[in-house]
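Colleague: Whatever this is, show me its structure:
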Amino acid sequence: MSKTPLSDEALAQLFTEARTYNAWLPLDVSDETLIRLADLMKMGPTAANSCPARLIFLKSEAAKQRLAPHLSDANRAKTMTAPVVVIIGYDLEFYEKLGILFPHNPDARSWFAGNDSAIQATAFRSSSLQGGYLILAARALGLDCGPMSGFDNAGVDSTFFPDGKIKSNFICALGHGDKTHHFHPRGPRLPFADFAKIL
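Modeller: You can find the predicted model right below:
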């Protein structure tokens, strides 16, 4: 059975009208919403269903204060006022879970174990995909997002992933964006012919 395309309204919420937010309304994001968000995100495809992303949702003021010293000056204020900030990391030992996640091939672990370049490339690429799924899942649930990379990865890793097995990829503020806050005009996008071909 063929799928029905999403409505223009749904596509606007996910893509065409969605913006990166820098200011936030003082509205809570429930734990239940974050669990639902993660459960949607995890359904997206990754290499060998490896699912290497590891998430830490920072909701409490104390947790966000641990992040604050590692943020760039330009990102600190807008990040600290968000109801939730999620750290999207990637597990460098993701292959240890392939027996659960990729059960139809018992040799899958051997594709990665001891192969640092394959581990790094797969973990970073697939966790980046999962971070994109997280943004779309958040928007689908009515949340706004403020993804960013302006932070000290090494500092975040030592604070939140001290065993060294997980590395930070990027962070994303979550909540209900303050639409009265000044926006720059949406940045231009390239026309199809400048970035894509149909062969």
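
Colleague: looking at this, residue 170 is in a helix?
Modeller: No - applying DSSP: H, G, I helix; E, B strand; the rest coil, one finds residue 170 to be strand, outside a helix.

Colleague: That one and residue 178: what is the separation?
Modeller: 22 Å (C-beta to C-beta, to the nearest Å). Every C-beta, even on glycine, is put in place using the N, C-alpha and C of the backbone.

Colleague: Same question for residue 143.
Modeller: 13 Å.

Colleague: Neighbour count for those two, which is higher?
Modeller: Higher neighbour count among residue 143 and residue 178: residue 143, with 22 against 16, using other C-beta atoms under 10 Å.

Colleague: From the chain's centre, how far out is the lowest-mean-pLDDT helix or strand in the chain? Work that out for me.
Modeller: Scoring the helices and strands of the chain by mean pLDDT, DSSP states H and E places helix 73-80 at the bottom, with a mean of 93. Distance, stretch centre to chain centre, for helix 73-80: 18 Å (C-alpha atoms, centre = their mean, to the nearest Å).

Colleague: in it, what's buried?
Modeller: Within helix 73-80, the residues scored as buried using 16 or more other C-beta atoms under 10 Å are 75, 76, 78, 79, 80.

Colleague: Looking at these, spot the one nearest residue 61.
Modeller: Taking C-beta to C-beta as the measure, residue 61 lies nearest residue 80 of the buried residues of helix 73-80, at 8.7 Å.

Colleague: The closest one contacts residue 69, doesn't it?
Modeller: No - using C-beta atoms under 8 Å, residue 80 makes no contact with residue 69, being 11.2 Å away.
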